[in-house]
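Trainee: Okay, predicted coordinates and the sequence, questions at the end:
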Amino acid sequence: MRPWFLVAAMALTWLAGVHGATHGCATAMFVHEGTMPDDVAALEHARAAPTPAEGLAEFVSVAQLRAVAESGREMMPISIAEMLLSMSLVFASAMVLSGRKNARAFALQAFAVNAIFAIVAYVLTRHVRDHWITAVEAAGVSLGIPRSGPEGMVGDGRFWFWLWRIKLVVFELGILGVGVAAVLAKRSRAFLDAAAEAATEQKPDDDS
């Protein structure tokens with residue numbers, strides 16, 4: 001019987017894989033289309049928002065897309081790699097849950113490669129983050145958002161830098177770490193070994 005924590009962990013890694021594959025595919029398609037978002041129009045639209053903070057929050061997504069578009073040559077291979085490697089998480093999670101032979105080895109390799117990629121991609125896209133965070137800070141000043149208080153966080157570059165670091169550590173590396181721990185747990189090893197042994201014993205019966 002599959003340990004409950006293994007099912008939960010593989011559900012998390014499966015969802016992470018689906019999200020990464022979807023995000024990578026969407027980014028690659030966006031870069032391929034060559035669309036350049038109009039940040040000037042987005043800033044004017046932000047001025048019409050009920051509050052400056054709400055307007056800036058809407059502007060953030062446009063600033064991010066523009067930064068990606070302006071770095072399209074670098075973002076295209078990164079996005080394709082994200083899509084392909086994320087698919088390996090989907091396959092690895094499904095293999096572990098089904099108790100397929102060599103599922104543990106494949107899953108550990110997939111988790112390790114995706115963790116390395118997450119760190120490398122974070123480093124390689126630093127200039128992209130710098131670009132849109134700088135644009136958000138400038139937009140915050142233009143909208144008259146105070147530098148202190150809850151509203152000030154939206155226009156504070158440090159807030160966005162730390163938010164992206166937390167995203168990397170918790171929602172990318174953290175989920176992969178949970179997957180590794182779950183696969184290497186004693187009960188998980190027992191389940192996977194039993195499933196592999198059962199598959200090996202059943203194969204000669206099927207051949208006969």
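Mentor: Everything's here; your move. Quantities reported herein were computed from a predicted structural model and do not represent experimental measurements. Residues are numbered from 1 along each chain as shown.
Trainee: now the protein, which segments are flagged as low pLDDT?
Mentor: Along the chain, segments meeting pLDDT under 70 span 147-152, 203-208.
Trainee: show me where it has strands.
Mentor: Using DSSP state E, the chain contains no strands.
Trainee: pull the longest helix from the chain.
Mentor: The residue-count maximum for a helix in the chain (DSSP state H) belongs to helix 4-33.
Trainee: Same question for that one: list its buried residues.
Mentor: Going by neighbour count (16 or more other C-beta atoms under 10 Å), the buried part of helix 4-33 is 6, 9-10, 12-14, 16-17, 20-21, 24-25, 27-28, 30-31. For glycine as for every other residue, the C-beta is placed from the backbone atoms N, C-alpha and C.
Trainee: Mind giving me the packing neighbours of that helix?
Mentor: Based on contacts counted as 3 or more C-beta pairs under 8 Å, 6 or more residues apart in numbering; DSSP states H and E, the elements that helix 4-33 packs against are helix 52-70, helix 72-98, helix 175-184, helix 186-207.
Trainee: For residue 156, which of the ones you listed is the nearest?
Mentor: Nearest to residue 156, of all these, is helix 52-70, at 10.6 Å by C-beta to C-beta.
Trainee: Check which residues of that closest one are buried.
Mentor: Applying 16+ other C-beta under 10 Å to helix 52-70 flags 52-53, 55-56, 59-60, 62-70 as buried.
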